[in-house]
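using only what follows, build the 3D model:
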Amino acid sequence: MAKIVIKVENISKQYRLGNVGLGTIGADLNRWYQTTLRGREDPYLKIGEENDRTQKGSSDYVWALRDINFDVQQGEVLGIIGRNGAGKSTLLKILSRTTTPTTGQIKIKGRVASLLEVGTGFHPELTGRENIFLNGAILGMTRQEIKSKFDEILDFAGVERYIDTPVKRYSSGMYVRLAFAVAAHLEPEILIVDEVLAVGDAEFQKKALGKMKDVSGKDGRTVLFVSHNMTSIETLCESAILLSQGGIEKMGVTKEVIKTYLNKTLNNSLKREWSFGNRPGSEFVKIIKAEIIPELSKASDIITVNTSFLFRFAFDVLKDGLNLSIAIEIHSLNGEHIFTSGFAKSRTFNKGIFETTCYIPGPFLNIGSYTTHIQIVKDNLELIHRETDVLVFEINDTARSSGYTGKWPGILRPSLKWEIVN
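I've put the predicted structure just below:
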């Protein structure tokens with residue numbers, strides 16, 4: 001029977017937004033009196049809201065995590081996924097003892113090495129060599145043990161030329177290479193890795209993922225891995241946890257957890273319909289509904305770079321004889337305008353409900369999250385309505401034989417025809 005090396009029991013973490021403390025001396029003294037002198041529960045923990053970053057709250061307190069319970073067995077590779085703000089990084093910081101939980105407890109058997117962000121555990125003024133020995137000492141290793149692993153670390157990191165340079169002069173990629181090499185080779189029983197691997201290049205990502213497989217499979221060590229790259233999670237992890245607004249929404253077999261995450265993320269935004277009184281538009285046209293229909297293969301219900309789409313929306317023309325042209329815009333979520341597509345020329349509409357469809361072939365878009373805008377122009381000149389962020393969708397990657405799971409450079413990823421002549 002596998003040994004449990006991490007036991008998380010009723011973990012919750014509350015943060016106060018704004019200033020530290022409760023805002024008044026009286027409240028701070030009351031908290032100290034109730035918790036320290038009388039040994040009671042903190043009376044102010046009853047205050048707080050779910051940590052939904054998209055909604056304006058009415059309280060200064062949020063629960064970054066709420067009632068988290070799970071076990072991790074020795075040798076298990078556990079993936080932790082969820083949207084930004086779900087509580088992933090907070091959970092890892094508690095597990096790595098960077099911060100403490102507000103309530104609950106964790107029980108960990110073994111040494112923990114964590115790589116939570118670029119530069120974790122390194123002193124910027126020390127050289128790479130000095131930081132290797134410092135990290136080893138923190139993990140409880142003797143100088144001789146660290147020396148025996150030194151050449152291995154250096155070879156894996158590929159920063160031999162700069163090993164006696166202060167790490168504050170390293171690039172982010174060099175920083176992560178060395179930090180991961182140290183964390184993976186100094187033999188911790190538990191390795192905790194956040195999204196930082198995305199900083200590395202293709203060669204490093206392939207080596208890092210292979211090393212995490214080795215330390216769990218061959219050495220029987222435990223790995224906790226957070227990533228927004230579902231291909232990496234599915235490739236590396238046997239089991240996964242889906243966090244949502246600070247709580248566990250699903251845990252179990254990785255493939256099923258990823259399916260739940262993607263379905264929830266995308267199904268909420270792939271279709272939208274407005275009630276009669278709330279339809280966006282103008283005195284000329286009202287938008288009724290919009291949807292994205294992916295042409296999914298039988299083998300997968302995940303939208304990938306190879307998936308083709310239908311973008312369809314219905315609109316109500318309110319006056320006869322309108323000369324209209326309609327277009328859609330695709331933007332990345334960080335504001336890049338990817339492309340605009342519309343009618344080749346405007347056409348005349350009379351009163352009535354119409355439906356229009358745009359076909360987007362795959363492969364075309366690169367992996368990432370995208371938002372769709374609709375614009376309606378009258379007489380080729382007058383913009384009568386532009387509806388932004390109508391639908392949001394995500395493009396995921398496909399497995400690659402090369403083993404590289406990072407994002408290909410560029411906004412688009414079309415399949416173009418190539419020819420070689422000898």
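
can you pull the alpha-carbon coordinates of stretch 101-120 into CSV?
Included here for stretch 101-120 are C-alpha records, laid out as CSV according to Å, rounded to 0.1, in the frame of the first residue of the first chain:
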residue,chain,number,x,y,z
PRO,A,101,-3.0,28.7,6.4
THR,A,102,-5.6,30.7,8.3
THR,A,103,-7.4,27.5,9.4
GLY,A,104,-6.6,23.8,9.0
GLN,A,105,-3.4,21.9,8.9
ILE,A,106,-1.0,20.1,6.6
LYS,A,107,1.1,17.0,7.3
ILE,A,108,4.2,16.4,5.1
LYS,A,109,6.6,13.5,5.4
GLY,A,110,9.9,14.4,3.8
ARG,A,111,12.0,17.3,2.5
VAL,A,112,10.2,19.7,0.2
ALA,A,113,11.9,21.6,-2.7
SER,A,114,9.7,24.3,-4.4
LEU,A,115,10.0,26.3,-7.5
LEU,A,116,7.2,28.8,-7.3
GLU,A,117,8.4,31.8,-9.3
VAL,A,118,11.6,32.9,-11.0
GLY,A,119,14.3,33.3,-8.4
THR,A,120,12.7,31.3,-5.6
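
tell me the buried residues in stretch 248-264?
Going by neighbour count (16 or more other CB atoms under 10 Å), the buried part of stretch 248-264 is 248-251, 254, 257-262. In this view, the C-beta of every residue, glycine as well, is placed from N, C-alpha and C.

low-confidence regions, the protein specifically.
When the per-residue scores of the chain are filtered using pLDDT under 70, the ranges that remain are 1-2, 17-23, 41-60, 117-120, 196-202, 263-268, 297-301, 333-335, 344, 399-407.

identify the farthest-apart pair in the buried residues of stretch 248-264.
Largest separation among those by CB to CB: 248 and 262, giving 17.2 Å.

which of the buried residues of stretch 248-264 sits closest to residue 237?
For the buried residues of stretch 248-264, the nearest to residue 237 is residue 254 (4.8 Å; CB to CB).

what about that closest one, distance to residue 209?
For residue 254, the distance to residue 209 (CB to CB, to the nearest Å) stands at 14 Å.

quick one: residues contacting residue 374.
For residue 374, the contacting residues are 287, 290, 313, 326-329, 385-387, 390, taking CB atoms under 8 Å, 6 or more residues apart in numbering as the criterion.

most neighbours, which of the residues you listed?
Each of the contacts of residue 374 was scored by neighbour count (other CB atoms under 10 Å); the top score is that of residue 313, with 23 neighbours.

that one - nearest residue in space that isn't next to it in sequence?
Take residue 313 and drop its neighbours on the chain: the residue closest to it by CB to CB, 6 or more residues apart in numbering is residue 290, 3.7 Å away.

and for residue 136?
Excluding its sequence neighbours, the residue lying closest to residue 136 (CB to CB, 6+ apart) is residue 146, at 3.7 Å.

tell me the secondary structure of the one you found, please.
helix (DSSP: H, G, I helix; E, B strand; the rest coil).
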